[in-house]
Structure formats: structure tokens, C-alpha cells
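Peer 1: The following comprises the amino acid sequence and a computationally predicted model.
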Amino acid sequence: MKQVSTLPAPHVGETGSTTASTADDVVAVPLRHPWRWIVAGALALGFVALFSSLWTNPNIDHATISSYVFHPRILSGIGLTLVVTVVSMLVSTVLGVLLAVMRLSKNPVMNAFAWFYVWVFRGTPLLIQIVFWGYLGLLYSQISLGIPFTDFTVFSVDTNTLVPAFTAGLLAMTLNQAAYSAEIIRGGLVSVDAGQQEAAASLGMSPAYTLFRVVLPQAMRVITPPMGNETISMLKNTSLLSVIAVLELYTVATQISSQNLRQVELLVVVSCWYLFLTSVLSVPQYYLERHYGRGSARQPGPTPLGRLMSSFRKGKQPESKGPVND
Amino acid sequence: MTDALATHRTRPAAATASPLLVASNVRKQYGSVEVLKGISLTVNAGEVMCLLGPSGSGKSTFLRCINHLERIDGGRISVAGELIGYAQRQDRVFEMNPREVARQRRSIGMVFQRFNLFPHMSALENIWAAPVGVKKVPKQQALKRGMELLDRVGLAHLAKAYPAQLSGGQQQRVAIARALAMDPQLLLFDEPTSALDPELVGDVLDVMRTLAADGMTMIVVTHEIGFARSAADNVVFMDGGVVVESGVPAAVFDNPQHPRTTAFLNSVM
């Protein structure tokens, strides 16, 4: 005897039970969701209208967009954007770990320094920090290494030689990011159970070895998702370096558009590239999360492709009876 | 029970009475609360001592003082003749730096109530991590030893499992193997069975009994009276930060001298 009910059948398809279906099983008609279809239709209509208005807009020259997408100057701008993003993220992460450990240490000097660093670099706008490093030559025309308040110097260089625009940009992004990363990493370190440090200590591990072997690998689970956010922010924030004329993607695009007066077209080109690059950057984040999630109570989930496939199947699941091996 | 009593009495190491742990007048306070009010006791090499007492009596705190997880505020603790946490040069005592404390802890193993296995490492890696990283044992050798130790606690088949995939009793047995991998001369157990489901307690106590029979020096904070009676050479009853009563298990359990001991034993037995 088969019942028809609108109640979702509990356990069907989830428990992985291998028992064959019996007459007592509830065979449910899945709950209908008419509003989903209505809202999806309305949204689709809106998007079609938006895109057709863009496509038929006489003020946008589509030929310009396609001719500049892979333009050598644009590509070199992308190269510089990626270099700044990758180098700044790597160096700032190392600095961030250092600052986080200093902030958590019992040493009052280190603790105060780390607090002060984060206070300064997180408390002033990134744009102003970029301009500041760009104008460093106005503040110190010469940079020299020596003993303060004496005439002894090891070397002395012209600031603009030592710190060209690119280096200034790199410095600004790295030092600013280190402050944010330090707080994220500190949060991750604090989240690791205190018993872990006690266990490591009872095995005779030194504080530094405990940090790198026991605490940090566990903290990475908590640190990785927000650091992925930071990486994506970093990639987009490199566009701020246009104010000190670092030839990254956005600077190059504005230079081109100031010559051919196709501002909107080049903004479209640049936006498409940023969107593409941020999408690519979320891939390593995903695999980092999988790596550091090993041993956690939750089983590692399927890969993105697998997830796409299963979400496809999930839409039809209520009608399929039980697991595949039935 | 009488069989167990008979076997542990004949343990070889218990015969040689050389003191391994000497604690004299150990005091510890948190803020204005004094949790240890002068604990003095001696554990000989090869002996098993069980620390009993109501919660808050300071027994776990005392255990954590032995490997300097807690700083003591007075008295002194020495293991194998070496002052713990401090270095004595001529007539002055210097506080040790963290690296020196870490070196001392290598010979003092500890097993925790909450196991504290490293969740990102497999059972086997939990065991070889410290010998390889701290004592610089060659990895192949440490792996081999790790498998032997896992076999000894009956978990060789779960070498690749992560702690989250193990039951509490299995985790605690891995934790014991992890402590043994450092070849400690003293093993501290901080309520090793208190976080376990009742049916898993026996497996862990069996492993501990085997260790005791093999002559390992152990200090065990526990509420398992049965284990203390059968495996301990000495039982110490603590309450309110002081040692109320101590002696061989039979004397303390069957003929307690102090009313607080009697009251406690009545409440747990």
C-alpha cells in the first residue's frame, strides 16, 4: 500500500541504508515552490533587459572592448597587478604571523610594538599610506644606514632611487596588509584549544616548534577563509596604486582611455579582468581549506565539480527512492 | 582483585627504593586563593602513586606543577635529582628559560583528561612527531617504534586514523603511546578515564596496569578506586590543598584514619 503525502520522507536517500523499499515507505510528492519560478523569471527578464540595453547602447563601442581585452599594455598591467598581489600577500602574511605572535607574547615590549603597529596601519586610510610611501622622497631626500645621532653611515642613497613608485606601492600594500593579517592570524591562534599547547609542552616541544608544528596548522583552518577574502581585497586594492603611477591594470587602462576617450569600454575590460582574476584566486583557497581541514570531524566534502554534479542531482532527489545501491 | 594485588607486589623495580620524584612543601596560589598549602611527598623509581581527593582539592594542580605546566609559588620539586623549572648554581636559584624547561619535560610524560591529541595528525604521526621533532630520532626508527607502541595499546590497525575518527578510549590509548614514545622516566596521568564512557574505561585502565607491571613510575590522579587498590604502591588522599592521609592502598581504603578520607571513600565507593 503506497501513501501519498506532502511530508518529506525522513531518512530517504540520506542514511545510506541498504534495505530494499517496503510497502510501509512514505512515497511523497515533493513540496512545490511556485514563487521560486516566479522570482527567477522576473530576475531573468530584468537581466535580459539590462544586457540588451548595454548591447544596443550606441555610446558603447564593442569593438573597442574586444580589441583591448588582450592588448599588450593591458596584459602587462595584469602582470604587475598579480606581482604586487602575490608578493604583498606573501610578505605580509609572514609579517602578520610575526606580529600576531608578538601580540600574544608575554614580552611587554613586543606586545606594545605589535599593538602600536596594528593601531597605526589599520587606523589610517590605505590610500593615504600609498601616497605617503610615494612621496617618501619629499620627507627624506636621502636614506642612509648608520648609527643614529652620529656621523657614522654605512651607505646613503637617494630616496627616489631606492624607492621607485613600484617599490613604494609594494611597501604600502604589504605594510598595510600585515596589520590586517596579524589580527586574522591572532584570532586563528587564539582559537586553538589551550590543551594543545599543554600537550606539546608536556612532550618537550619548544614554544617555536609548538607554534609551527601544532598550533599554526590548526589555526590555518580558521585563518584561510578570511585570508582568501584579504587576497581578493588586495587584488582589487592594487588599483589604488594608480595615484602614484604604478603601471598596474587600472593605471594602464586609464592611460589608454585618456588617449582614446573610451573610458566606459576600458572600465568594462578592466572589470572583466578583475572578476576573472578574483574567480581564479578562490580556487587555491578552496584547496588550502581542504588541506588544513584534514582530521576535522567533518568529512572533506566533494570537489567543486563534484559539488556541482550533486547539486544537480539534489534538485531531483525527493522523487528518487533511496540511495543508488537500492 | 587479590590476584592483581599479588602481582604488583612482586614488581622488580619497586624493590629498589631510589626516590625519583621529591616534592617538599609545594605551595601554589591563584590570586588570593591558595590551592596547594605545602605538599610534600616522594615517589620512588618504579612505583605507582595514586592521588585521590574531591574536586578542587588541588591534586590536578599538583600534577601540573611536576612538569612545570604551573609555576609553583613555594617549596621545591625535583625529578631524578634535578630541580624542576629552576637551575641551582652554587647557592642561588635561577628561573629557567622555556627551552631548558622543554628539555626537562622530555623525560616526564603526561596524559590528559581530555586526551589533547593533535587533531591534524594521524594516530601514528601523533606518536612520532615529538621524538622526531624534539629528540631528533631518525624518522624510520620513530615510525617503527610508533607502530610498536600502537600495537602495545592494541591499536596498530588504526595507525592512519585521525583522532576525530577514534573513540574516547582509543584516543586516550594513543595519547598514552604518544607519551611513551619519548621514553619518559615518569608518567603523569591527569584523570585519564574521567572523560570516557563507562564501557571504555576498562581498556585504558588495562593499558595502565600493564605499564605499572612493567615497572613504569606513574603518578595517577584518578577517581577509580578499583584501579588504585590493585595497581598503586601508595595512595595519597588530598583535600583542601593538603595531604590528608597517605599509605599503601589496603591501609588507606580499608582502615582510613581521617574522617575526611572516610567521607570521601563513602561517596565514591
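Peer 2: That came through, no problem. No experiment lies behind these values; they were computed from the predicted model shown.

Peer 1: CA only for contacts and neighbour counts going forward, please
Peer 2: OK.

Peer 1: Show me where the stretch 151-269 of chain B dips below the pLDDT cut-off.
Peer 2: Residues of the stretch 151-269 of chain B that meet the criterion pLDDT under 70 are absent altogether.

Peer 1: how about the helices in it?
Peer 2: Remark: helices assigned in the stretch 151-269 of chain B by DSSP state H, counting those that start in this stretch are B:168-180, B:198-213, B:225-231, B:249-254, B:259-268.

Peer 1: mind putting those helices in TSV, mean neighbour count included?
Peer 2: Formatted as TSV, those follow (neighbours: other CA atoms under 10 Å in any protein chain shown):
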stretch	mean neighbour count
helix B:168-180	26
helix B:198-213	17
helix B:225-231	21
helix B:249-254	17
helix B:259-268	14
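
Peer 1: do you know which of these lies nearest chain A?
Peer 2: helix B:168-180 (6.9 Å; CA to the nearest CA).

Peer 1: who are the neighbours in contact with residue B:241?
Peer 2: Applying CA atoms under 8 Å, 6 or more residues apart in numbering or on different chains, we find residue B:241 in contact with B:34-39, B:57-59.

Peer 1: how about a markdown table for those, with secondary structure, distance to residue A:104 and pLDDT added?
Peer 2: Below are the contacts of residue B:241 laid out as a markdown table (DSSP: H, G, I helix; E, B strand; the rest coil; distance: CA to CA, whole Å; pLDDT from 0 to 100):
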| residue | secondary structure | distance to residue A:104 | pLDDT |
| --- | --- | --- | --- |
| B:34 | strand | 27 | 93 |
| B:35 | strand | 27 | 94 |
| B:36 | strand | 29 | 96 |
| B:37 | strand | 32 | 95 |
| B:38 | strand | 33 | 94 |
| B:39 | strand | 33 | 95 |
| B:57 | coil | 31 | 92 |
| B:58 | coil | 28 | 93 |
| B:59 | helix | 29 | 94 |
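
Peer 1: Among these, the buried ones, what's the ChimeraX command?
Peer 2: Remark: buried members of those, expressed as a ChimeraX selection using 16 or more other CA atoms under 10 Å in any protein chain shown:
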select /B:35,36,37,38,39,57,58,59
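
Peer 1: quick check, nearest of the contacts of residue B:241 to chain A?
Peer 2: Using CA to the nearest CA, residue B:59 is the member of these that lies nearest chain A, at 17.2 Å.

Peer 1: Might one say that the closest one is in contact with residue B:51?
Peer 2: Yes: Residue B:59 is within contact range of residue B:51, at 6.4 Å (criterion: CA atoms under 8 Å).

Peer 1: Common neighbours of those two, please.
Peer 2: B:221, B:238.

Peer 1: where's residue B:143 relative to chain A, distance?
Peer 2: Per CA to the nearest CA, to the nearest Å, residue B:143 is found 17 Å from chain A.

Peer 1: A helix includes that residue, no?
Peer 2: Yes: judged by DSSP: H, G, I helix; E, B strand; the rest coil, residue B:143 forms part of a helix.

Peer 1: Nearest to chain B within the stretch 151-300 of chain A, name that residue for me.
Peer 2: For the stretch 151-300 of chain A, CA to the nearest CA, closest residue to chain B: residue A:204, 4.3 Å.

Peer 1: So that residue, which state does it fall into?
Peer 2: coil.

Peer 1: Phi, psi for it please.
Peer 2: Here is the backbone geometry of residue A:204 (degrees, to the nearest 10): phi 80, psi 20.

Peer 1: same check, this time on residue B:127
Peer 2: Dihedral pair for residue B:127: phi -80, psi -40, per degrees, to the nearest 10.

Peer 1: which ones are touching the residue lying closest to it once chain neighbours are set aside?
Peer 2: Once flanking residues are discounted, residue B:127 sits nearest to residue B:178: 4.2 Å by CA to CA, 6 or more residues apart in numbering or on different chains. Neighbouring residues of residue B:178 by CA under 8 Å, 6+ apart: B:126-128.

Peer 1: give me the subset of the contacts of residue B:241 touching chain A.
Peer 2: Subset of the contacts of residue B:241 in contact with chain A: empty, counting by CA under 8 Å from any CA of the partner chain.

Peer 1: Show me which residues of the stretch 51-200 of chain B are close to chain A?
Peer 2: Counting by CA under 8 Å from any CA, the residues of the stretch 51-200 of chain B near chain A are B:67, B:69, B:98-99, B:101-106, B:108-110, B:112, B:114, B:116-122, B:130, B:133-134, B:162-165, B:179, B:182.

Peer 1: Okay, and which of those residues map to strands?
Peer 2: Judged by DSSP state E, these include B:108-110 as members of strands.

Peer 1: could you dump those residues to CSV with neighbour count and pLDDT?
Peer 2: Compiled in CSV, these are given as follows (neighbours: other CA atoms under 10 Å in any protein chain shown; pLDDT from 0 to 100):
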residue, neighbour count, pLDDT
B:108, 23, 96
B:109, 26, 96
B:110, 32, 97
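
Peer 1: Show me which of those residues is closest to residue A:306.
Peer 2: Among those, residue B:110 lies closest to residue A:306 (CA to CA), at 43.5 Å.

Peer 1: bridging residues for the residue nearest the centre of chain B?
Peer 2: By CA atoms, centre = their mean, chain B has its centre lying nearest to residue B:188, at 1.5 Å. Residue B:188 forms beta bridges with residue B:110, residue B:219, as assigned by DSSP bridges.

Peer 1: which residues touch it?
Peer 2: The contact partners of residue B:188, by CA under 8 Å, 6+ apart, come to B:63, B:108-111, B:218-220.

Peer 1: out of those residues, what pair is the most spread apart?
Peer 2: Greatest spacing in the contacts of residue B:188, by CA to CA: B:108 and B:220 (13.1 Å).

Peer 1: where do the strands sit along the stretch 151-300 of chain A?
Peer 2: Remark: strands assigned in the stretch 151-300 of chain A by DSSP state E, counting those that start in this stretch are A:153-158.

Peer 1: What's the local residue count around the residue lying closest to residue B:123 once chain neighbours are set aside?
Peer 2: Excluding the flanking residues, the one nearest residue B:123 by CA to CA, 6+ apart is residue B:159, at 5.2 Å. For residue B:159, the count of nearby residues is 18 (other CA atoms under 10 Å in any protein chain shown).

Peer 1: now do the one 3 residues further on
Peer 2: Around residue B:162 sit 23 other residues, with neighbours defined as other CA under 10 Å.

Peer 1: what residue ranges in the stretch 1-150 of chain B are flagged as low confidence?
Peer 2: Along the stretch 1-150 of chain B, the parts satisfying pLDDT under 70 run over B:1-16.

Peer 1: List the buried residues of the longest helix seen in chain A.
Peer 2: In chain A, with assignment by DSSP state H, the single longest helix is helix A:72-104. For helix A:72-104, the neighbour count (16+ other CA under 10 Å) marks A:73-78, A:80-82, A:84-85, A:88-89, A:91-93, A:95-103 as buried.

Peer 1: Pretty sure residue B:149 sits against residue B:177.
Peer 2: Yes: using CA under 8 Å, residue B:149 is in contact with residue B:177, at 5.5 Å.

Peer 1: Show me the shaky parts of the stretch 1-150 of chain A.
Peer 2: Along the stretch 1-150 of chain A, segments meeting pLDDT under 70 span A:1-21.
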